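1. show me how the following folds:
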Amino acid sequence: MNDDVPLGLLVGLLIVLLLLSAFFSSTETALMSLNRYRLRHRARSGQRSARLAEQLLERPDRLIGLILLGKNAANLAAAAAATLIALRIGGAAAVLIGTLILTLIVLIFADVAPKTLAALHPSRIALPAAIVYAPLLRAAYPAVWLINQMSNRLLRLLGLRPEEIGPSALSAEELRTVVAEAGVMVPRRHQRTMLRVLDLDAITVDDVMVPRQEIVGIDLDRDWQQNLALIRETPHQRLPVYRDDIDNIIGVVRVRQLLPDLAKGTLTEQRLLEHTREAYFVPEGTPLNKQLLNFQQQKRRSAFVVDEYGDVQGLITTEDILREIVGELDSEPVLSEVGVTRENDNSYLVDGATNIRRLNRLMSWDLPTDGPKTLNGLIVERLETIPPSGTALVVNGYPIEILDTTEHGIKQVRVMTPDAVEPPQQLRAAQG
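-> Model (predicted):
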């Protein structure tokens, strides 16, 4: 009966079966290699093949059952066709040789090569295949269901429940890795912004607030003419109002509301207090992501950071948080505004009260930010004392020379970049 089938037809059938096996092998790898988030985006955009692929992957046990059913059927039929061809050509002695040749052909052309190609280009293969598999799964559902029932029972004996497979989700660290490795798909500037958003929960208001000693405000115990001059010249939109000390804060006033009275010369302390709004306080250590939500809920733009005793430690604004996310808001930030004066290409004079995070961001430096928030605090922590003028040290490769100090802290230092040619001769190494 074998002789009734033309040899050419058997060879053609074998080729078709090998192509089917290659199809099942490649599509299995492609579907399992799909980026689920990219697939979900395409499905939500209305792409039919992506929507079908997403539905198929919701129950991978059924999809795998269908693929393996088709692949094994194709391979078994190919083996039978190869046996008939071997018998036709060389008799029983050629069957073993034919089996070896078929094994090699299946391994290379119907398994390894298709799977490698699918792993390199999963979307190009998986999405068209989903259009084929969707109706094929419905047609072969009884056989697939039977196979799944048997395999799932075996898995339950091992403590696994395939039907409870839920949608995959990324942790914050995994999402950070995805963004960092996006490459040309996401512009570098956008990557930095997204990474900063993800880092907001690790940064507190203490890291970016304006320190207590730098808060500019209206002291009602001060000469009134000085307060009027401050209101006229201030670059700030809001000013705190207090008596004698910032801890005795009364509230916050919007400068714009004072301008009409200021222009008429009728601005008095009483009029100032009428425009003053109650101050908003937040505890130190509040994460920036939480504080951003607090600002939104409270309809506020600024808050005073207080310690456990209620003493004011600094001032945090929405602009400070926005700057932490997108970088400096000015296209060309003025160094003097953050307490930095350039001496030459490798040397800078820096105020001791300068915030380290902003200094790193502005100057592209790498001073440590996991401890004190200001340059003064960093140096005092390293030396464990307020050093006299002329003392020098190295922090993270940056030579630092103390130029001016007081009883309470360091006023000014000279910072040299790591590629500076001549660090201070009296340098005391305190490597960070």
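
2. tell me where the stretch 101-250 of the chain has helices.
-> If DSSP state H, counting those that start in this stretch is used as the criterion, the helices of the stretch 101-250 of the chain fall at 113-120, 122-139, 141-157, 172-180, 188-198, 205-208, 224-233.

3. per-residue confidence at the closest residue to Arg176 other than its chain neighbours?
-> For Arg176, the nearest residue in space outside its immediate sequence neighbours is Leu198; the separation is 5.1 Å by CB to CB, 6 or more residues apart in numbering. Using the backbone N, CA and C atoms, a C-beta is placed for each residue, glycine as well. Note for Leu198: predicted pLDDT of 80.

4. just Thr276 next, same as before
-> On the pLDDT scale, Thr276 is placed at 93.

5. neighbours of it, just the number please.
-> Counted with other CB atoms under 10 Å, the burial measure for Thr276 works out to 19 neighbours.

6. check contacts around it.
-> With contacts taken as CB atoms under 8 Å, 6 or more residues apart in numbering, Thr276 has the following neighbours: 241, 250-253.

7. which secondary element of the protein has the worst mean pLDDT?
-> The helix or strand of the chain with the lowest confidence, counting by mean pLDDT, DSSP states H and E, is strand 428-429 at a mean of 39.

8. where does pLDDT dip in this structure?
-> Scanning the chain for pLDDT under 70 picks out the ranges 1-4, 161-172, 174, 182-185, 328-338, 419-432.

9. which segments of this structure make up each domain?
-> Domains of the chain are assigned by automatic domain parsing as 2-164, 201-326, 335-429.

10. let me have these in a markdown table, extended by distance to Glu181.
-> Converted to a markdown table, these look like this (distance: least, CB to CB, whole Å):
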| stretch | distance to Glu181 |
| --- | --- |
| domain 2-164 | 12 |
| domain 201-326 | 20 |
| domain 335-429 | 22 |
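
11. right, so of the ones you listed, which gets closest to Arg192?
-> Smallest distance to Arg192 across those (CB to CB): 8.8 Å, for domain 201-326.

12. between the domains of the chain, which gets nearest to Thr177?
-> Ranking those by their distance to Thr177 (criterion: CB to CB) puts domain 2-164 first, at 13.2 Å.

13. distance between that closest one and the chain's centre?
-> Taking CA atoms, centre = their mean, to the nearest Å, one finds the center of domain 2-164 at 38 Å from the center of the full chain.

14. ranges for the helices of the stretch 301-432 of the chain?
-> Counting by DSSP H, counting those that start in this stretch, the segments of the stretch 301-432 of the chain that form helices are 318-326, 356-363, 375-383.

15. so Val197 sits against Ile325, correct?
-> Yes: because the distance of 5.9 Å satisfies CB atoms under 8 Å, Val197 is recorded as touching Ile325.

16. tell me, what's touching these two both at once?
-> Counting by CB under 8 Å, 6+ apart, Val197 and Ile325 have no contacts in common.

17. related to what we said a few turns ago, out of the contacts of Thr276, which one sits closest to Ala81?
-> The nearest member of those to Ala81, counting by CB to CB, is Val252 at 85.8 Å.

18. correct me if wrong, but the closest one is in a strand.
-> Yes: residue state for Val252 (DSSP: H, G, I helix; E, B strand; the rest coil) corresponds to a strand.

19. pick the most buried one from the helices of the stretch 301-432 of the chain.
-> For these, average neighbour numbers computed from mean count of other CB atoms under 10 Å are highest in helix 375-383, which has a mean of 20.

20. contact partners for the nearest residue to Thr317 once chain neighbours are set aside?
-> Leaving aside its sequence neighbours, Thr317 sits nearest to Ser302 (CB to CB, 6+ apart; 4.4 Å). Contacts for Ser302 were tallied using CB under 8 Å, 6+ apart; they are 238, 252, 280, 315-318.

21. grab the longest helix from this protein for me.
-> When the chain is parsed with DSSP state H, its longest helix is helix 60-90.
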